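>>> I would like the atomic coordinates for the input below:
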Amino acid sequence: MTFVIFLGVLSVLVLIHELGHFAAARILGIKVEEFAFGLPFTRHIFQIKRGETLYSIYPLLFGGFVRLYGEETEVKGKGKDFWSRGRKQRMLVVAAGVAMNIVLAVGGFVALYAALGVPQTLENQVTILKIENDSPAEKAGLKIEDRVIRIENKGIKDGNEFGKLMRSWAGVEVNLTVRRGKGTQLLEGITQDSYTDLAVRVTPRENPPEGQGPVGVGIADYPYITVEKCSVFSIRCSVNAVVAGVRTTGMWMTRVVDGLREIGRSLAAGKAPEGVAGPVGIYQLTDVVVRGGVWPLVELVAILSVNLAVFNVLPIPALDGGRMFFIWLEWFRRKRLAVELEQKINAWGMALLLGLLVLISLQDVWRMGWVDKLLKLVRLK
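Have a look, this model is predicted:
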């Protein structure tokens with residue numbers, strides 16, 4: 001099931017991007033020869049022609065493309081070709097894919113906030129993850145996922161402070177303020193739009209069993225998001241959701257750019273970059289996210305769409321940013337690069353990107369421990 005959802009997520013991201021190129025070309029009257037999902041390094045597995053356009057699916061599904069008439073070489077019959085168009089029109093067609101990914105991201109975040117509420121504040125709360133049998137926590141009626149907000153009306157910052165206070169109050173009954181209520185677990189944090197604050201009395205143990213602590217709980221600091229819920233028919237609510245969606249898209253764009261800078265610094269220093277995920281890593285993340293339901297998956301699609309937009313605008317051959325760079329270079333030089341040279345540069349860029357994709361995927365596999373598991377199985381045999 002996870003693989004089907006992963007494939008669906010990938011399909012949405014790629015098809016929306018390519019739809020931008022397709023729509024811009026059609027609006028400008030440029031002939032689209034092929035609209036494809038997947039990369040054309042093997043024979044297609046599905047193909048159908050409608051009007052002037054072939055619609056295709058190729059086995060290597062980590063990508064897609066729109067092939068325009070006269071895209072890479074001058075043609076005899078002008079009018080519907082890409083080659084003879086001015087720089088502005090060609091730039092619009094190339095940039096339309098990135099624009100569509102931004103639109104998808106904003107739309108995803110807006111839908112998310114309209115359904116769950118507009119984020120207001122984000123704070124870490126000490127969350128109970130485990131309760132030991134016959135412990136003071138169990139006797140006091142504490143439950144898993146309860147958040148300890150205050151101890152004797154004193155707010156606590158994190159789990160370390162909670163542990164210190166419990167040890168200092170050992171043997172004495174203590175008043176806890178506990179927040180209880182379900183929320184949706186997003187990548188940014190857990191929403192808390194509906195909750196109840198309860199007063200709980202607990203007596204920490206002076207000599208607890210080894211590894212249990214005075215109260216007998218396992219805790220962690222989790223980020224929680226306070227949201228403002230309102231009716232979608234409210235103009236104010238709709239405006240707030242749109243503003244928050246645009247703001248979050250901008251925030252993630254900044255994060256992606258900062259991440260790319262860190263990758264560049266790591267590579268310049270001769271270190272393996274951290275925090276980089278390929279298809280295998282995204283599959284693993286999808287497997288985790290789908291357990292939370294539809295809205296965490298919508299958030300993931302929006303975030304991945306931002307990543308795809310920013311990555312695609314980089315001036316790397318074979319990417320949209322590389323094609324934009326060639327158009328800017330043409331404007332600066334007042335003439336186009338030789339067709340053969342541009343094609344070779346794009347081919348080298350594609351080979352480089354595929355090589356990086358393989359290396360990142362191998363890194364994902366290694367990080368997930370699949371190699372160690374395989375070696376253990378081989379030894380057992």
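
>>> and Glu71, what pLDDT?
pLDDT, Glu71: 80.

>>> now the residue nearest to it when sequence neighbours are not counted: how far from Glu173?
Leaving out its chain neighbours, the residue that sits closest to Glu71 by Cβ to Cβ, 6 or more residues apart in numbering is Phe82, at 4.6 Å. Placement of C-beta: from N, CA and C, glycine included. Look at Phe82 and Glu173: by Cβ to Cβ, to the nearest Å, they are 77 Å apart.

>>> The residue nearest to Glu71 - that's part of a helix, no?
No. Looking at Phe82 with DSSP: H, G, I helix; E, B strand; the rest coil, it is coil, so not inside a helix.

>>> If you count surrounding residues, which of Phe82 and Glu173 has more?
Neighbours of Phe82 and Glu173, each counted by other Cβ atoms under 10 Å, are more numerous for Phe82; the result is 23 against 11.

>>> show me the contacts for the more buried one.
Phe82 makes contact with 25, 30, 68-71, 90, 93, according to Cβ atoms under 8 Å, 6 or more residues apart in numbering.

>>> What is the burial count for Val227?
Val227: 20 neighbours (other Cβ under 10 Å).

>>> quick one: strands adjacent to the strand or helix carrying it?
Element membership of Val227, judged by DSSP states H and E, is strand 217-228. As defined by DSSP bridges, the strand partners of strand 217-228 come to strand 118-131 (antiparallel), strand 190-191 (parallel).

>>> can you list contacts of the last one?
With Cβ under 8 Å, 6+ apart as the test, strand 190-191 has contacts from 116-117, 183-184, 222-225, 227.

>>> and that strand, what's its mean pLDDT?
Strand 190-191 comes out with an average pLDDT of 90.

>>> from the chain's centre, how far out does it sit?
Distance, stretch centre to chain centre, for strand 190-191: 17 Å (Cα atoms, centre = their mean, to the nearest Å).

>>> now the stretch 201-350 of the chain, which segments are flagged as low pLDDT?
266-267, 269-279 (pLDDT under 70).

>>> can you pull out the helices in the stretch 151-300 of the chain?
Here the stretch 151-300 of the chain has its helices, by DSSP state H, counting those that start in this stretch, at 159-168, 235-268, 279-289, 294-312.

>>> Flag every buried residue along the second one.
Right, the one you point to is helix 235-268. By neighbour count with 16 or more other Cβ atoms under 10 Å, helix 235-268 contains the buried residues 237-238, 240-242, 244-245, 248-249, 252-253, 256, 259-260, 263.

>>> and what of stretch 196-216?
By neighbour count on 16+ other Cβ under 10 Å, the buried set for stretch 196-216 is 200, 202-205, 208, 212-216.

>>> Now tabulate the residues you listed in JSON lines and tack on distance to Gly8.
Formatted as JSON lines, the buried residues of stretch 196-216 follow (distance: Cβ to Cβ, whole Å):
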{"residue": "Val200", "distance to Gly8": "44"}
{"residue": "Val202", "distance to Gly8": "46"}
{"residue": "Thr203", "distance to Gly8": "52"}
{"residue": "Pro204", "distance to Gly8": "49"}
{"residue": "Arg205", "distance to Gly8": "50"}
{"residue": "Pro208", "distance to Gly8": "48"}
{"residue": "Gln212", "distance to Gly8": "44"}
{"residue": "Gly213", "distance to Gly8": "44"}
{"residue": "Pro214", "distance to Gly8": "48"}
{"residue": "Val215", "distance to Gly8": "44"}
{"residue": "Gly216", "distance to Gly8": "43"}
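
>>> of all those, which comes closest to Trp169?
Among those, Pro204 lies closest to Trp169 (Cβ to Cβ), at 5.4 Å.

>>> how close does the residue lying closest to that closest one once chain neighbours are set aside get to Ala338?
Nearest non-adjacent residue to Pro204, counting by Cβ to Cβ, 6+ apart: Pro214, 3.4 Å away. Pro214 is 76 Å from Ala338, where distance means Cβ to Cβ.

>>> Contacts for stretch 102-109, please.
Contacts with stretch 102-109, where a contact means Cβ under 8 Å, 6+ apart, come from 12-13, 16, 242, 244-246, 248-249, 252, 298-299, 301-303, 305-306, 309.

>>> cutoff 10 Å now
For stretch 102-109, contacts defined as Cβ atoms under 10 Å, 6 or more residues apart in numbering pick out 12-13, 16-17, 19-20, 119, 241-242, 244-253, 295, 297-310, 313.

>>> tell me the mean pLDDT over that stretch?
Summarised as a single mean, pLDDT over stretch 102-109 is 96.

>>> For it, what is the distance to the chain centroid?
12 Å.

>>> Report the buried residues of that stretch.
Neighbour counts using 16+ other Cβ under 10 Å place 102, 104-109 of stretch 102-109 among the buried residues.

>>> Next: stretch 14-28.
By 16+ other Cβ under 10 Å, the buried positions in stretch 14-28 come out as 14, 16-25, 28.

>>> Which residue, other than its chain neighbours, is closest to Gly20?
Using Cβ to Cβ, 6+ apart and skipping residues adjacent in sequence, the residue nearest Gly20 is Met100, 3.3 Å away.

>>> likewise Trp331?
With Cβ to Cβ, 6+ apart as the criterion, Trp331 has its nearest non-adjacent residue at 5.7 Å, and that residue is Arg87.

>>> check contacts around that neighbour.
Contacts for Arg87 (Cβ under 10 Å, 6+ apart) come out as 327-328, 330-331, 336.

>>> Tabulate these (CSV), appending neighbour count and distance to Ser231.
Listed next are those as CSV, based on neighbours: other Cβ atoms under 10 Å; distance: Cβ to Cβ, whole Å:
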residue, neighbour count, distance to Ser231
Ile327, 17, 46
Trp328, 12, 47
Glu330, 15, 51
Trp331, 12, 50
Arg336, 15, 55
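
>>> on that earlier part again, the buried residues of stretch 196-216 in strands, which ones?
200, 202 (DSSP state E).

>>> Cool, thanks, signing off.
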